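Colleague: how would this look folded up:
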Amino acid sequence: MTCVRGVLSDGFVCERFRLQVCERVFHGLAGVHTIGVRLTLNVGTVAASVEAAQLAADVGRETRVAFLPAVADGEKWAVQAGIVYESAAVEGLETASLLSLVFRSRVRLGESLFIGGEVDRLRVWGEALEGADATLLLGVRPVPSVSLACTIAFTRWGGAQPGLAVTLNGEGRLGLSLGYENSTEAFKGAVGIHWRKMWCDAGVLRHPVLGPEAAITLSWGR
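Modeller: Reported below is the predicted structural model:
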């Protein structure tokens, strides 16, 4: 779940060191939850993140591991390219694996406008998965404490799905985010609290079919 500290200021290159731990619970699906860890190291304008997450259910589990290096020039621009390995095991079925690439970019235009893009799950090896998922992003910060982000998602199955998110930051200590995704018809909300070098982000999502889910992320950086 995206942290609510601000889509404009929280780029690919962050503090020299950041550790994040997240747990996600799917209340609409009994016995299903996800635990994830991300470690990010930054040296100058170059950073690298290592992510690992596992979704556990009564009938099986899914594992995801990613290595995501990035290069950035402050808040002016950032480029990230990485590799992701995913494996799904379901009782009674063979294990399915996928190795794919992900590309992300962001460019800031002036003081209050930026654009970005993402290409996700571009297959390298594994299960047959034609095409890729792509997202275009337009962000606006009309005032320092308010950020607006508009997205258009293009899935491998066709069609363009818009999304909208509003983030409010209170002097860097408290953040609030509200959003909607047309592709899943899901509403999202999150609140973030910053204390010294710690961040705590808690969020909820309401899916019309799968029901509600909740997540909490703890981050520490220096």
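Colleague: Can you tell me the SS state at the closest residue in space to residue 19 that isn't next to it in sequence?
Modeller: Computed as C-beta to C-beta, 6 or more residues apart in numbering, the closest residue to residue 19 that is not its neighbour in sequence is residue 220, at 5.1 Å. In this view, the C-beta of every residue, glycine as well, is placed from N, C-alpha and C. Following DSSP: H, G, I helix; E, B strand; the rest coil, the label given to residue 220 is strand.
Colleague: residues touching residue 51, list them.
Modeller: Remark: with contacts taken as C-beta atoms under 8 Å, 6 or more residues apart in numbering, residue 51 is in contact with 36-38, 64-68.
Colleague: Among those, which are located in strands?
Modeller: Members of the contacts of residue 51 lying in strands (criterion: DSSP state E): 36-38, 64-68.
Colleague: between those, which is nearest residue 173?
Modeller: Of all the ones in strands among the contacts of residue 51, the one sitting nearest residue 173 is residue 38; the distance, using C-beta to C-beta, is 22.5 Å.
Colleague: in the protein, which ranges drop under the pLDDT threshold?
Modeller: Low-confidence segments of the chain, defined by pLDDT under 70: 1-15, 128-129, 171-172.
Colleague: make it 50
Modeller: Within the chain, the segments meeting pLDDT under 50 span 1-11.
Colleague: how near is residue 165 to residue 192?
Modeller: Going from residue 165 to residue 192 by C-beta to C-beta, to the nearest Å gives 13 Å.
Colleague: typed the wrong thing, it's residue 26
Modeller: 21 Å.
Colleague: So those two - more neighbours on which side?
Modeller: residue 192 (24 against 20; other C-beta atoms under 10 Å).
Colleague: For that one, name its beta-bridge partners.
Modeller: Partner residues in beta bridges with residue 192, using DSSP bridges, are residue 175, residue 201.
Colleague: so the closest residue to residue 156 other than its chain neighbours, which of the three states?
Modeller: Using C-beta to C-beta, 6+ apart and skipping residues adjacent in sequence, the residue nearest residue 156 is residue 131, 3.6 Å away. Under three-state DSSP, residue 131 falls in the coil class.
Colleague: And for residue 131, the neighbour number?
Modeller: Number of residues near residue 131 (other C-beta under 10 Å) recorded here: 13.
Colleague: ok, now how distant is residue 178 from residue 191?
Modeller: According to C-beta to C-beta, residue 178 and residue 191 sit 10 Å apart.
Colleague: can you map out the helices along the protein?
Modeller: Per DSSP state H, the chain has no helices. Nothing in it meets that criterion.
Colleague: Run through the strands of it in chain order.
Modeller: For the chain, the strands defined by DSSP E cover 17-26, 33-43, 46-57, 60-73, 77-90, 96-109, 113-126, 133-143, 146-154, 160-170, 174-181, 186-195, 198-207, 211-221.
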